[in-house]
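Novice: 3D, please:
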Amino acid sequence: MGKDAKAAGGKGKGKQAAGGGGGGGDESASKGKGKGGKSADGLGTCTYVKARHILCEKQGKINEAYKKLQDGWLDNGDKVPPAEFAKLAAEYSECPSGKKGGDLGWFPRGKMAGPFQDVAFSTQIGATSAPFKSTHGYHIILCEGRKN
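Specialist: Sure thing, here's the model as predicted:
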């Protein structure tokens, strides 16, 4: 389960390229996953995430959606606007949430299964994850918020 999320992160362009150049709180980000350390972005410390996603059964289809995100924003180092992500989710996602632009709303730790939760809670606000596999298929996540 955990290796699926790690494999997605190893591709390079996904969440690290989209969310890595955030600037600002680099010194606090190193404490984010430590014991009790609070980071400015909430990674490792938040209890709720607000996210959108695209879910596809076939890897080729999720890769096609991700290519559109790369061509439009990610390759330029830009963040994907939520409205644009929502359009792609409506077009590509095979999840019922696709009709709502992939909006999953706020969800707590423990509600989503394995790799999905791992990626959702480790993607920075405004960043888009690389495609990854879960038991439900292939996903791309856009993190829209965090709270405790």
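
Novice: the longest strand in the protein is where?
Specialist: Using DSSP state E, we find that the single longest strand of the chain is strand 137-147.

Novice: Check which helices and strands that one is in contact with.
Specialist: When contacts are defined as 3 or more CB pairs under 8 Å, 6 or more residues apart in numbering; DSSP states H and E, strand 137-147 sits against strand 48-56, helix 59-72, helix 82-92, helix 114-122, strand 132-134. The way it works is simple: take the backbone N, C-alpha and C, and place the C-beta from them, glycine included.

Novice: I'd say Tyr66 and Leu142 touch.
Specialist: No: the criterion here is CB atoms under 8 Å, and Tyr66 misses it with Leu142 at 11.6 Å.

Novice: Compare these two (neighbour count), which wins?
Specialist: Leu142 (31 against 24; other CB atoms under 10 Å).

Novice: quick revisit: now the longest strand of the chain: mean pLDDT?
Specialist: The average of the pLDDT scores along strand 137-147 is 97.

Novice: Helix or strand with the lowest mean pLDDT in this structure?
Specialist: helix 26-29 (a mean of 32; mean pLDDT, DSSP states H and E).

Novice: Chain neighbours aside, what residue packs nearest to Gly72?
Specialist: Excluding the flanking residues, the one nearest Gly72 by CB to CB, 6 or more residues apart in numbering is Glu84, at 6.9 Å.

Novice: separation between that neighbour and Gly101?
Specialist: 10 Å (CB to CB, to the nearest Å).

Novice: Between the two, which has more neighbouring residues?
Specialist: Per other CB under 10 Å, whichever of Glu84 and Gly101 has more neighbours is Gly101, with 19 against 15.

Novice: Contacts only, for the spatially closest residue to Gly126 that is not a sequence neighbour.
Specialist: Computed as CB to CB, 6+ apart, the closest residue to Gly126 that is not its neighbour in sequence is Lys79, at 4.6 Å. By CB atoms under 8 Å, 6 or more residues apart in numbering, the contact list for Lys79 reads 18, 73, 126-128.
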